[in-house]
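> got a predicted model here, sequence first, then my questions.
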2 protein chains.
Amino acid sequence: MRVGIVGGTGDIGEGMALRISQVHEVILGSRELEKACATSDACHLALNEKGLPCTCSGVTNQDAVDRAEVVILAIPFQHLAATLSSLTGFGEKVVISPVNPLGRKEFFFFAPPPEGSAALLVQRLLAGKARVCTAFNNIPAGSWKALGEPLAHSVAVCGDDPAARDLVKGFVGSIPRLAALDAGPLAVSPMIEAITPLLLNIAKYQKMRDVGIRFTG
Amino acid sequence: MRVGIVGGTGDIGEGMALRISQVHEVILGSRELEKACATSDACHLALNEKGLPCTCSGVTNQDAVDRAEVVILAIPFQHLAATLSSLTGFGEKVVISPVNPLGRKEFFFFAPPPEGSAALLVQRLLAGKARVCTAFNNIPAGSWKALGEPLAHSVAVCGDDPAARDLVKGFVGSIPRLAALDAGPLAVSPMIEAITPLLLNIAKYQKMRDVGIRFTG
């Protein structure tokens, strides 16, 4: 599967590329092609050093959308609307939002837009055509990047299009040790996104690093 | 430690009594003393059958408050305000809220009161005197009751009084296999309570039972 990462030069985007490009063809996008190529080169280096395969290539964000079968929006919430308004051609593609709208005072808190969540905002901005799902919201960048450690996290997947949700679940499950769990329609996304500030609070108050979740049952 | 369970005859309250009364003295409260005694007797039977200790005794909800060092409010959200207004004597006791305000349409969702969470409502109703913490919010009744299975869950603890938070963390950690994690002030409670409707959605759409969480890191 060809996976486009919009915002692939950020911490999360690069971490995702490191893991996903061992299994799928990754086209790593950035506003600037040069930066995308530099991050892609860094992924090749890091993976080759460990004798691991890497299919990554650097492209523009627009190319990452145009050429991908699945598009991941690895964008900080505050840049989400501007980035989406600068891109076209989502059509009916499957779009994954791992985005979490957060605020910070003494502690971290969930700060959703009027739509209720980042994913619901994405669905509105893409005019209801693209098939939006959440996934990967609760995996810290540090976990993606720690190639020596298994990525043993649970991933709650929600979305309104059942076929897209199944595709995303299969994609998540193709990444070693990730467990995809069907959480229902996109209206469930606020509950998934709100876990991330909780994980940051636990990391802060419990003095831990890269806190993630596993669902049990 | 003497642990009072207000609403101890409900599913969650009885499940808690089954686990906690193996380790601590549990006084299991109900509006009706007879019901409390019946549930307490059932706990003795279930635990004795397995050769496990049981310290449970049935009391009124008011006695559960008066005589306990730590009070657990095992009450459905819709009865929370009425139950608290019928009780007195919380003083500066440590009060644990495992309560989750939920709504249900096609899917489950977080439906907090104007205060922002059940725990923040409890803090307001107890006039800021009792030392309120959250704990146990994300453990299903079925997991509490499945005595043949380890209770291998993570428990996020938050609260504004650091000493109370430490006491609750120690109490949680004294129950075999539970892992207590400090999540910060009581303002973090909405993020903890909102996990429960997500777990119910995962159980529904993924066709699982008694879905819980473990934090990793």
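Now that the structure is in, tell me what you want to look at. Numbering: from 1, shown residues only, chains lettered A, B, ... in the order given.
> tally of neighbours for A:Gly51?
Per other C-beta atoms under 10 Å in any protein chain shown, the neighbour tally for A:Gly51 reads 6. In short, each C-beta sits where N, CA and C put it, glycine included.
> now the longest helix seen in chain A: mean pLDDT?
Looking across chain A with DSSP state H, the single longest helix is helix A:33-49. Across helix A:33-49, the average pLDDT comes to 97.
> chain center to it, what's the gap?
Centroid separation for helix A:33-49 versus its chain: 18 Å, with C-alpha atoms, centre = their mean, to the nearest Å.
> quick check: buried residues in it?
A:Ala36, A:Cys37, A:Thr39, A:Ser40, A:Ala42, A:Cys43, A:His44, A:Ala46, A:Leu47 (16 or more other C-beta atoms under 10 Å in any protein chain shown).
> let's have those in CSV, adding distance to B:Gly170.
Output for the buried residues of helix A:33-49, formatted as CSV (distance: C-beta to C-beta, whole Å):
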residue, distance to B:Gly170
A:Ala36, 50
A:Cys37, 53
A:Thr39, 45
A:Ser40, 49
A:Ala42, 45
A:Cys43, 45
A:His44, 49
A:Ala46, 42
A:Leu47, 44
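> closest one to chain B out of the residues you listed, please.
Closest approach to chain B among the buried residues of helix A:33-49 (C-beta to the nearest C-beta): A:Ala46, at 21.9 Å.
> distance of the residue most central in space within chain A relative to A:Leu80?
Nearest to the mean C-alpha position of chain A, by C-alpha atoms, centre = their mean, lies A:Pro98 at 3.8 Å. For A:Pro98, the distance to A:Leu80 equals 11 Å [C-beta to C-beta, to the nearest Å].
> any shared contact partners between these two?
Residues touching both A:Pro98 and A:Leu80 (C-beta atoms under 8 Å, 6 or more residues apart in numbering or on different chains) are A:Leu73.
> output the set of residues of chain A in proximity to chain B.
With C-beta under 8 Å from any C-beta of the partner chain as the criterion, chain A comes near chain B at residues A:106-107, A:109-110, A:140, A:152-153, A:156, A:158, A:181-185, A:187-188, A:190-192, A:194-195, A:197-199, A:201-206, A:208-217.
> which among these end up buried?
For those, buried by 16+ other C-beta under 10 Å: A:107, A:109-110, A:140, A:153, A:156, A:158, A:181-185, A:187-188, A:190-192, A:194-195, A:197-199, A:201-206, A:210-213, A:215-217.
> among those residues, which are in helices?
Counting by DSSP H, these contribute A:Pro190, A:Met191, A:Ile192, A:Ile195, A:Pro197, A:Leu198, A:Leu199, A:Asn201, A:Ile202, A:Ala203, A:Lys204, A:Tyr205 to helices.
> quick check: closest non-adjacent residue to the fifth one.
It stands for A:Pro197. A:Phe108 (3.8 Å; C-beta to C-beta, 6 or more residues apart in numbering or on different chains).
> could you do the second one as well?
Counting by C-beta to C-beta, 6+ apart, the nearest residue to A:Met191 once its immediate chain neighbours are dropped is B:Leu198, at 3.9 Å.
> so what pLDDT did the residue nearest to A:Pro197 get?
98.
> check the gap between it and A:Thr196 for me.
8 Å.
> stretch A:136-143: how far from the chain's middle?
Using C-alpha atoms, centre = their mean, the offset of stretch A:136-143 from its chain centre is 8 Å.
> now do the same end-to-end measure for it.
For stretch A:136-143, the first-to-last residue distance is 11 Å (C-alpha to C-alpha, to the nearest Å).
> try stretch A:169-177
OK, stretch A:169-177 end separation, C-alpha to C-alpha: 13 Å.
> identify the residue spatially nearest to A:Gly91, adjacent ones excluded.
A:Lys129 (6.4 Å).
> can you give me the strands in chain A?
A:2-6, A:25-30, A:57-60, A:70-73, A:94-97, A:102-104, A:108-110, A:131-134, A:154-159, A:179-184, A:212-216 (DSSP state E).
> how about residues contacting the first one?
To tie it back to what came earlier, the one meant is strand A:2-6. Outside strand A:2-6, the residues that reach it (C-beta under 8 Å, 6+ apart) are A:13, A:16-17, A:20, A:24-29, A:59, A:61, A:63-65, A:67-75, A:83, A:87, A:171.
> may I see the buried residues of that strand?
Applying 16+ other C-beta under 10 Å to strand A:2-6 flags A:Val3, A:Gly4, A:Ile5, A:Val6 as buried.
> relative to the whole chain's centre, how far out is it?
On C-alpha atoms, centre = their mean, the centre of strand A:2-6 falls 10 Å from the chain's centre.
> could you check the angle that strand makes with helix A:33-49?
120 degrees (axes from the mean of the first three to the mean of the last three C-alpha atoms, to 10 degrees).
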